[in-house]
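>>> Okay, predicted coordinates and the sequence, questions at the end:
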Amino acid sequence: MTQTAQRLGAVVREDFPILSTEVHGYPLAYLDNAATTQKPRAVLDAVTGYYATANSNIGRGHYRLSLAATDRYEAARAAAQRFLNAAHPDEIVFTRGTTAGLNLLAETFADQVVGPGDQVVVTGMEHNSNLLPWRRLCERKGAELVVLPTGTAPADPARFAAALNGRVRLAAITHVSNVLGTVNPVRDLVDAAHQRGIPVVVDGAQAVAHRPVDVRALGADFYCFSGHKMYGPMGSGVLYGRRELLSGLPPYEVGGGTVKGVAHDEPVRYVPVPARLEAGTPDVAAAVGLAAAMSYLGEIGWPALRQHDAELVRYAVAVLGEVDRVRVIGDPAADPAGIVSIVVDGVHPYDVGGHLDRHGIAVRSGVHCASTFLDSLNLLGTVRLSFAVYNTEAEIDRVRDALRTLRPGEWTRDRPGVRFA
Ligand code: ALA
């Protein structure tokens, strides 16, 4: 197992055509997997295979191709159900991604349960996609958004519980911080909320590629993730909802595929979930590709995936810590989730990102769509290394070597305190 895990990166690289790309004369070292992962041939083939052999609209045709496409779409739903250990395929709604799922919940579920004077609780480490939908909802409803400060550590269940007063109607928490890789104790947080009858929405965008997610073991009421961060196509995503809650949601968008029948002089009769929440023609190819990504992860297996992840995170923390002026933020090795964020004292994160790019290394630098979290840490931004199954220790060595030749660039000189280009 150890050997498999250590060699995983080198072995699976062949599965990813884009990794043979050169950047500025260097082999691409792609370390921005928290933004999006690259896609293995199995996923590319599933998408093109769908278009080449089954493309047609689903649920709308009484002909062979349409029935075949419908079958593939529903098979993808069943794959997502198994992936999350959901109780029923009807608990799986396909979305464009995490952001779409969270907005859907804010405009349907939360719209029903949050009223004037109520509160919604989020952690201090939320990505904008698990912050702004709740903020907008609270503004619209005359409710209050309560942000539980976390620092770099996981959210503390006791402090979380203390924030859950009688006005709180909903909690929305990230499973894994997209900035630092901090892993929240979701089960404990959910238990604290459920003891007070408060439902919990979990942003799983950064978790699903790095650890098995069992929504029933977590107790999450809703769990959203993006396919493109777990080797699936862009535009694929899942909103899981516990059946009792999901089945009561009104349509989010209305249109084709959501109704049993429409007559001008009668109330509209909507179909049950999940179709009620999937108005219009869905991205069937994306769902099929996502199912292929789930199979791909399943073939490698979580023990090897997790070990590989842990080895890379621990190696990065050790190796980058050797470089002058480099600080690792938080404690990503405590419970590795594929992310290591650093700052280089005296150098703007964008200069670091640009310098690494000139060495063929792709990282994200800046605030990572979480400026409020960076504010709470008194940081202008970070440089984030985020790993996937194809990354290797040699690529981390390349980051270290490149950082040793880093000099302050134009951002550091001309706009040292500016965050946004
Ligand atoms: N949410 C993605 C990230 O953290 C885009 O980079």
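Nice, I can see it.
>>> so what's the closest residue to the ligand within the stretch 251-400 of the chain up against?
Residue of the stretch 251-400 of the chain nearest the ligand, by CB to the nearest ligand atom: His368 (4.8 Å). All C-beta atoms are positioned from the backbone trio N, CA, C, and that covers glycine. For His368, the contacting residues are Ala34, His127, Asn178, Val179, Leu374, Gly381, Thr382, Arg384, by CB atoms under 8 Å, 6 or more residues apart in numbering.
>>> The ligand contacts on the stretch 51-200 of the chain?
His127, Asn178 (CB under 6 Å from any ligand atom).
>>> Closest residue of the stretch 51-200 of the chain to the ligand?
For the stretch 51-200 of the chain, CB to the nearest ligand atom, closest residue to the ligand: Asn178, 3.6 Å.
>>> which element is that residue on?
Per DSSP states H and E: Asn178 is located in neither a helix nor a strand.
>>> Can you give me the neighbour number for it?
30 (other CB atoms under 10 Å).
>>> Wait, it touches Gln206, no?
Yes: contact criterion CB atoms under 8 Å: Asn178 and Gln206 qualify, at 4.9 Å.
>>> before we move on, the earlier item: do you know how far the residue of the stretch 51-200 of the chain closest to the ligand is from Thr281?
From Asn178 across to Thr281, the span is 30 Å (CB to CB, to the nearest Å).
>>> for Ser66, same thing?
Ser66 is 12 Å from Thr281, by CB to CB.
>>> give me every residue that touches Ala293.
Applying CB under 8 Å, 6+ apart to Ala293 gives the contacts Lys39, Pro40, Ala42, Val43, Gly227, Met230, Tyr231, Gly232.
>>> In this structure the last one contacts Ala292, no?
Yes: taking CB under 8 Å as the contact criterion, Gly232 and Ala292 are neighbours in contact, 7.5 Å apart.
>>> rewinding a little: return every residue with contacts to both of Asn178 and Gln206.
By CB under 8 Å, 6+ apart, the residues touching both Asn178 and Gln206 are Ala34, Ile339.
>>> Distance from the chain centre to stretch 398-405, please.
Its chain's average C-alpha position is 28 Å from that of stretch 398-405, according to CA atoms, centre = their mean, to the nearest Å.
>>> same question, stretch 328-344
17 Å.
>>> Any idea how far apart the tips of that stretch sit?
Distance between the two ends of stretch 328-344: 9 Å, counting by CA to CA, to the nearest Å.
>>> Now Arg327. Nearest residue, chain neighbours left out?
Nearest non-adjacent residue to Arg327, counting by CB to CB, 6 or more residues apart in numbering: Val343, 5.3 Å away.
>>> what helix or strand does the one you found sit in?
strand 339-344.
>>> List the buried residues in stretch 86-97.
Across stretch 86-97, burial judged by 16 or more other CB atoms under 10 Å covers Ala86, Pro89, Asp90, Glu91, Ile92, Val93, Phe94, Thr95, Arg96, Gly97.
>>> Just the endpoints, please. Distance across it?
Stretch 86-97 has an end-to-end distance of 18 Å (CA to CA).
>>> centre of the chain versus that stretch, how much separation?
Centre-to-centre, stretch 86-97 and its host chain are 15 Å apart (CA atoms, centre = their mean).
>>> which other residues reach it?
With CB under 8 Å, 6+ apart, stretch 86-97 has contacts from 73-74, 76-78, 80-81, 84, 101, 104, 205, 215-216, 224, 226-228, 234-243, 246-247, 272-274, 277-278, 282-283, 286-287.
>>> and the residues you listed, which are buried?
Counted by 16+ other CB under 10 Å, these give 73, 76-77, 80-81, 84, 101, 104, 205, 215, 224, 226-228, 234-242, 246, 273-274, 277-278, 282-283, 286-287 as buried.
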